[in-house]
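Enquirer: any chance you could fold what I've pasted below:
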Amino acid sequence: MKSFNDFKTFNEYIGLPKPLDNDIDIGYYDPPNMLPKSEPIMIDFYRISFKINFIDKTVSDAKPVNAVFFNSPEMSGGWDIEPTYKGMYVQLSKKIIEENRFLFKNYLDYGLHEPLLLTEKEIVEVSTLFDLMIKYYNKERQNFEVLLSYVNVLVSLVEGFYKRQFSTNPKQYNRIVTDFQQSLNDYYNQPVTQLPNVQYFADKFGLTANYFGDIIKHFTRKSAIENIHEFVIKKAKELLEKNREMNSTEVAYELGFEYPNYFSKFFKKQVNLTPKEYRLRAIKN
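Expert: Numbering: from 1, shown residues only. The predicted structure follows:
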C-alpha cells in the first residue's frame with residue numbers, strides 16, 4: 001500500500017498542483033488530468049473533499065451526487081470514479097491541527113463511506129467561501145491568519161451541514177440508534193470478558209467511531225459512552241438486586257470489569273453509593 005506523508009508527493013500522485021504551503025493546501029479539482037482510479041492508499045494528514053456531480057464507479061447504478069468526503073491519518077482508501085465531476089479540496093497537516101485545535105472536528109475522522117450530501121444552497125455557500133480562501137492562499141504567507149480564519153469557518157460550516165443531514169434523514173439514523181440499544185442488550189446475553197466500548201459497536205455497524213458517536217449523541221442527547229455507562233449501571237443494579245448470592249467482585253467480572261476495584265469506583269461515581277451500600281438499600285426497600 002502506498003503511503004504519503006506530505007501534500008507534495010500526494011498531489012503528484014493524484015495529479016493536483018504543487019502545494020504552496022506545507023500545512024494548508026487548497027485547490028480546485030481538474031478531473032481530466034487526475035488519476036481516476038487507485039488501489040487503497042494512506043495519507044498522514046487530513047483532507048476535506050467537495051465533489052459536485054460525483055459518480056462512484058464501484059457502486060452499481062450510481063447516480064451523480066454532491067458530497068463531502070474525508071480522509072484522515074492512518075485511514076486507507078482507494079477510488080474508481082468518473083472524471084466528470086468538479087469540486088474543491090482542503091488539506092490540513094497534523095501540525096496545523098495540533099497548533100490550532102479549534103480546526104479539529106469529529107467529522108475529520110469520518111470514513112470515506114460516510115459522506116455528507118450537500119444541498120444546492122450549501123454548494124453555493126461553500127463555493128463562495130472557497131473563492132475567498134483561494135484569494136488568500138495564493139498570496140502564500142501574507143495574511144495567513146485570514147486564511148486560517150476562513151478554514152475555521154469552512155470546518156464549522158461542514159459540521160452544521162452534518163447536523164442538518166442527521167435531522168433531515170431521521171429514519172436512516174434512528175435505525176442505527178435502535179440497533180445500538182438492542183446490541184447493548186445482546187452484549188450481556190453471552191459471557192463477556194471486557195466492558196462494551198464505542199469502537200466495538202461502531203465496528204459492528206461498519207462505521208467509524210466518531211461518525212457512530214455523533215449519530216448517537218445527536219439523537220439521544222448523550223454521548224455513546226454515556227449510553228454505554230448507563231446500561232452497564234442498569235445491569236449492575238439488576239445483578240446486585242436479584243443475585244444476592246453474588247458479591248461485588250463476582251458482579252464486576254460478570255459485567256466485564258477487569259479489576260473489581262474499578263467497578264466499585266465506577267459504580268460510586270455514577271450512583272453516589274458503593275455496590276454494597278446500594279444492595280443494602282435495595283434490600284431494605
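Enquirer: whatever helix or strand residue 52 lives in packs against which elements?
Expert: Following DSSP states H and E, one finds residue 52 within strand 46-54. Counting contacts by 3 or more Cβ pairs under 8 Å, 6 or more residues apart in numbering; DSSP states H and E, strand 46-54 packs against strand 65-71, strand 86-92, helix 120-137, helix 144-168. To be clear about C-beta, it is placed using only N, CA and C from the backbone, and glycine gets the same treatment.
Enquirer: let me have those in JSON lines, extended by distance to residue 55 and mean neighbour count.
Expert: Below are the helices and strands packed on strand 46-54 laid out as JSON lines (distance: least, Cβ to Cβ, whole Å; neighbours: other Cβ atoms under 10 Å):
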{"stretch": "strand 65-71", "distance to residue 55": "8", "mean neighbour count": "21"}
{"stretch": "strand 86-92", "distance to residue 55": "12", "mean neighbour count": "21"}
{"stretch": "helix 120-137", "distance to residue 55": "16", "mean neighbour count": "16"}
{"stretch": "helix 144-168", "distance to residue 55": "20", "mean neighbour count": "16"}
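Enquirer: what stretches of this protein score poorly on pLDDT?
Expert: 140-142 (pLDDT under 70).
Enquirer: can you tell me the centre-most residue of it?
Expert: residue 210 (2.8 Å; Cα atoms, centre = their mean).
Enquirer: is it true that that residue touches residue 107?
Expert: Yes: in this structure residue 210 lies within contact range of residue 107 using Cβ atoms under 8 Å: 6.9 Å.
Enquirer: residue contacts, the residue nearest to residue 12 when sequence neighbours are not counted?
Expert: Closest residue to residue 12 apart from its sequence neighbours, by Cβ to Cβ, 6 or more residues apart in numbering: residue 18 at 7.8 Å. Shown in contact with residue 18 (Cβ atoms under 8 Å, 6 or more residues apart in numbering): 8, 11, 12.
Enquirer: go through the helices and strands packed on strand 46-54 and name the closest to residue 238.
Expert: helix 144-168 (32.2 Å; Cβ to Cβ).
Enquirer: which other residues reach that closest one?
Expert: 24, 48, 68, 90, 92, 100, 102-105, 107-108, 116-119, 122, 125-126, 129-130, 132-133, 136-137, 173, 214-215, 218-219.
Enquirer: just give me the neighbour total for the closest residue to residue 271 other than its chain neighbours.
Expert: The spatially closest residue to residue 271, leaving aside those adjacent along the chain, is residue 278, at 6.0 Å (Cβ to Cβ, 6+ apart). Residue 278 has 20 neighbours, counted by other Cβ atoms under 10 Å.
Enquirer: can you list the buried residues in the strand holding residue 52?
Expert: Neighbour-count burial for strand 46-54, with 16 or more other Cβ atoms under 10 Å as criterion, is recorded at 46, 47, 48, 49, 50, 51, 52, 54.
Enquirer: restrict stretch 43-58 to CA atoms and write it as CSV.
Expert: This file holds the C-alpha atoms of stretch 43-58, laid out as CSV (Å, rounded to 0.1, in the frame of the first residue of the first chain):
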residue,chain,number,x,y,z
ILE,A,43,-2.1,9.7,3.9
ASP,A,44,-0.6,11.2,7.0
PHE,A,45,-2.8,14.4,7.0
TYR,A,46,-6.4,15.5,6.8
ARG,A,47,-8.4,16.1,3.6
ILE,A,48,-11.9,17.6,3.1
SER,A,49,-13.0,16.9,-0.4
PHE,A,50,-16.1,18.6,-2.0
LYS,A,51,-17.3,16.9,-5.2
ILE,A,52,-20.1,18.0,-7.4
ASN,A,53,-21.9,15.6,-9.8
PHE,A,54,-19.7,12.9,-8.4
ILE,A,55,-20.2,9.3,-9.7
ASP,A,56,-18.6,6.4,-7.8
LYS,A,57,-18.0,3.6,-10.4
THR,A,58,-17.6,1.0,-7.6
